[in-house]
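K.L.:
can you look at this prediction? I've put the sequence above it.
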Number of protein chains: 2
Amino acid sequence: MAGTRKEKMAETRSRLLQAARKAFGTVGYTDASMDDFTAAVGLTRGALYHHFGDKQGLLRAVVEQIDTEMAERLSQISRRAPTRWQGLVDEWTAYIEMALEPEIQRIMFRDGPAVLGDVSQWASTDNCVTTLKKSLDDLKADGLLIELDTEAAARLINGAASHAATWIAASADPQATSMRAVSSFRQLLNRLREGDIQPTRTK
Amino acid sequence: MAGTRKEKMAETRSRLLQAARKAFGTVGYTDASMDDFTAAVGLTRGALYHHFGDKQGLLRAVVEQIDTEMAERLSQISRRAPTRWQGLVDEWTAYIEMALEPEIQRIMFRDGPAVLGDVSQWASTDNCVTTLKKSLDDLKADGLLIELDTEAAARLINGAASHAATWIAASADPQATSMRAVSSFRQLLNRLREGDIQPTRTK
DNA sequence: GATAGTGACATACGATACGTACGTCAACTG
DNA sequence: CAGTTGACGTACGTATCGTATGTCACTATC
């Protein structure tokens, strides 16, 4: 219909990506049949192999897309915060909340690492954690943070946060578990502040 | 040969488990062909399905075995430490080191969660993290730890530690990365002590 | 504007691997 | 000693991935 060849091609690529993302996010990578979800958008596996090489390549593309979206959401949240410290706390809290979304949980934290290996090692991905590291750098520059290796810290905090999300997601009472996890997580972050440490209040 | 029926059965079960563990630990869950690794110990898939139900059941059994071993190793380390606090630090450091072993990395942190879902939710598994939580409880009872939710803390710390291990394992220079990760991790733990906080020394 | 060529996508095929249904033979029971 | 149980092997069906090949529309060049 409307459109040059390039536009149509981008359109199909986008449709394939969307279909795959939906399938991966719901039934999971291994149980997602390429025949099925390509047919769902009126295409075949042929198109898929043409655009993405193989099933892994497709997952890689989906992961990249989600990662970019997450990074964007996080930096927006950071910009909205009144203080830098508040921004950090807000960012990581938001990170945990995002990690609770089933699609992100499944694709970014379960199937992604399992199929593609550790996400943090791919070039041009993990914008998401890079964004969070930047916040630590800023705080450190302002002297609000204790002396630490920000990259290592970012990875540790990232691990704690994503693990917390997985814990919440799998728990019997996600609501209650979420309260506990986020509260403890903030307590942990607070302990990294330079100078006066707020008395931690459990409950 | 020697043995009643029960003994022979336990023997084959053990051989299957060993073969599967080796295959899962090296080529990974999906690329491990049941036909191949059963043949490697002179059996067939029939035996497998008889003992473990299906491929997932087999992985479950392997994970359980490894988890038990890890918990045992951790509690031994804890017992050897001169003080409780030292025990905690030693335990978690050992945890990171164990998580670096390729077999554990692959089975417990990549394929296990991907195929079976979050490990922490299975009954009778995760002895490993339970052991670590106990250490936190002890320290808290002794007043050496700040007031915190020990279960939540255990999960957060566990997340940080396992993530650190994954980071190290995938890094270009594991030796150097390991130093940074462990150092930052100890710094983090130190921040959870009640009372005087050692000035953190980077380098 | 006609024709040759490129490339986006479909189709057909082969290989592998899982799960099941069934068969068999050794070991336990009475 | 005979019947039965059950541990394990064998044969088969099916699903899915990857490749190799085909085709048709669009583009570029003369």
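P.N.:
Ah, there it is. Residues are numbered from 1 along each chain as shown, chains lettered A, B, ... in the order given.
K.L.:
where do the domain boundaries of chain A fall?
P.N.:
Taking automatic domain parsing as the criterion, chain A consists of the domains A:1-53, A:64-203.
K.L.:
would CSV of those domains with distance to B:Thr130 be doable?
P.N.:
Just so you know, the C-beta spots here come from the backbone N, C-alpha and C atoms, and that holds for glycine as well. Listed next are the domains of chain A as CSV, based on distance: least, Cβ to Cβ, whole Å:
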stretch, distance to B:Thr130
domain A:1-53, 28
domain A:64-203, 14
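K.L.:
what's the closest of these to B:Thr68?
P.N.:
Evaluated over these, closeness to B:Thr68 peaks at domain A:64-203, with 21.0 Å, by Cβ to Cβ.
K.L.:
is the closest one anywhere near DNA strand D?
P.N.:
No. Judged by Cβ under 7 Å from any atom of the strand, domain A:64-203 stays clear of DNA strand D, getting no closer than 10.3 Å.
K.L.:
and of the domains of chain A, who's closest to B:Gln175?
P.N.:
Of all the domains of chain A, domain A:64-203 sits nearest to B:Gln175, with 14.5 Å by Cβ to Cβ.
K.L.:
what segments of chain A are helices?
P.N.:
In chain A, the segments counted as helices under DSSP state H are A:5-26, A:34-39, A:45-52, A:55-80, A:84-100, A:102-104, A:112-116, A:127-141, A:150-170, A:174-190.
K.L.:
low-confidence stretches in chain A?
P.N.:
For chain A, applying pLDDT under 70 flags the ranges A:1-3, A:123-124, A:195-203.
K.L.:
next, count neighbours for the residue of it found nearest DNA strand C.
P.N.:
Proximity of chain A to DNA strand C (Cβ to the nearest atom of the strand) peaks at A:Gly46, 2.2 Å away. Number of residues near A:Gly46 (other Cβ atoms under 10 Å in any protein chain shown) recorded here: 9.
K.L.:
point out the most buried one among the domains of chain A.
P.N.:
domain A:64-203 (a mean of 18; mean count of other Cβ atoms under 10 Å in any protein chain shown).
K.L.:
and it, how far out from the chain middle?
P.N.:
9 Å (Cα atoms, centre = their mean, to the nearest Å).
K.L.:
so the closest residue in space to A:Thr44 that isn't next to it in sequence versus chain B, what's the distance?
P.N.:
Nearest residue to A:Thr44, sequence neighbours excluded (Cβ to Cβ, 6 or more residues apart in numbering or on different chains): A:Thr38, at 5.6 Å. The span separating A:Thr38 from chain B equals 21 Å under the rule Cβ to the nearest Cβ, to the nearest Å.
K.L.:
now swap in A:Arg5 and tell me
P.N.:
Plainly put, A:Arg5 is 37 Å away from chain B if you go by Cβ to the nearest Cβ.
K.L.:
cool, and A:Thr44?
P.N.:
A:Thr44 is 24 Å from chain B, where distance means Cβ to the nearest Cβ.
K.L.:
again, but for A:Thr93
P.N.:
For A:Thr93 relative to chain B (Cβ to the nearest Cβ), the value is 13 Å.
K.L.:
surely that residue touches A:Val182?
P.N.:
Yes. With contact defined as Cβ atoms under 8 Å, A:Thr93 and A:Val182 form a contacting pair (6.1 Å).
K.L.:
pipe the helices of chain A into JSON lines and attach distance to B:Leu17 per row.
P.N.:
Shown next, in JSON lines, are these (distance: least, Cβ to Cβ, whole Å):
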{"stretch": "helix A:5-26", "distance to B:Leu17": "31"}
{"stretch": "helix A:34-39", "distance to B:Leu17": "33"}
{"stretch": "helix A:45-52", "distance to B:Leu17": "37"}
{"stretch": "helix A:55-80", "distance to B:Leu17": "29"}
{"stretch": "helix A:84-100", "distance to B:Leu17": "33"}
{"stretch": "helix A:102-104", "distance to B:Leu17": "33"}
{"stretch": "helix A:112-116", "distance to B:Leu17": "22"}
{"stretch": "helix A:127-141", "distance to B:Leu17": "37"}
{"stretch": "helix A:150-170", "distance to B:Leu17": "26"}
{"stretch": "helix A:174-190", "distance to B:Leu17": "33"}
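K.L.:
which of those helices sits closest to B:Gly42?
P.N.:
For these, proximity to B:Gly42 was assessed by Cβ to Cβ; helix A:112-116 is nearest, at 30.4 Å.
K.L.:
give me the helices and strands touching that closest one, please.
P.N.:
helix A:55-80, helix B:112-116 (3 or more Cβ pairs under 8 Å, 6 or more residues apart in numbering or on different chains; DSSP states H and E).
K.L.:
next to DNA strand C, which bits of chain A? Give me the list.
P.N.:
Checking chain A against DNA strand C by Cβ under 7 Å from any atom of the strand, the hits are A:5, A:8-9, A:12-13, A:38, A:42-47, A:49-51.
K.L.:
which single one of those residues is nearest to A:Asp111?
P.N.:
Once Cβ to Cβ is applied, the member of these that ends up nearest A:Asp111 is A:Thr38, at 18.2 Å.
K.L.:
hang on, that closest one packs against A:Arg15?
P.N.:
No. Using Cβ under 8 Å, A:Thr38 is not in contact with A:Arg15; the gap is 9.2 Å.
K.L.:
joint contacts of these two?
P.N.:
Here A:Thr38 and A:Arg15 have no joint contacts, going by Cβ atoms under 8 Å, 6 or more residues apart in numbering or on different chains.
K.L.:
test my guess that A:Leu145 contacts A:Arg191.
P.N.:
No. With contact defined as Cβ under 8 Å, A:Leu145 and A:Arg191 do not form a contacting pair (11.0 Å).
K.L.:
spatially nearest residue to A:Ser33, not counting backbone neighbours?
P.N.:
A:Ala23 (8.0 Å).
K.L.:
likewise A:Asp137?
P.N.:
Spatially, and ignoring its direct neighbours in sequence, A:Asp137 is nearest to A:Thr150 (5.3 Å; Cβ to Cβ, 6+ apart).
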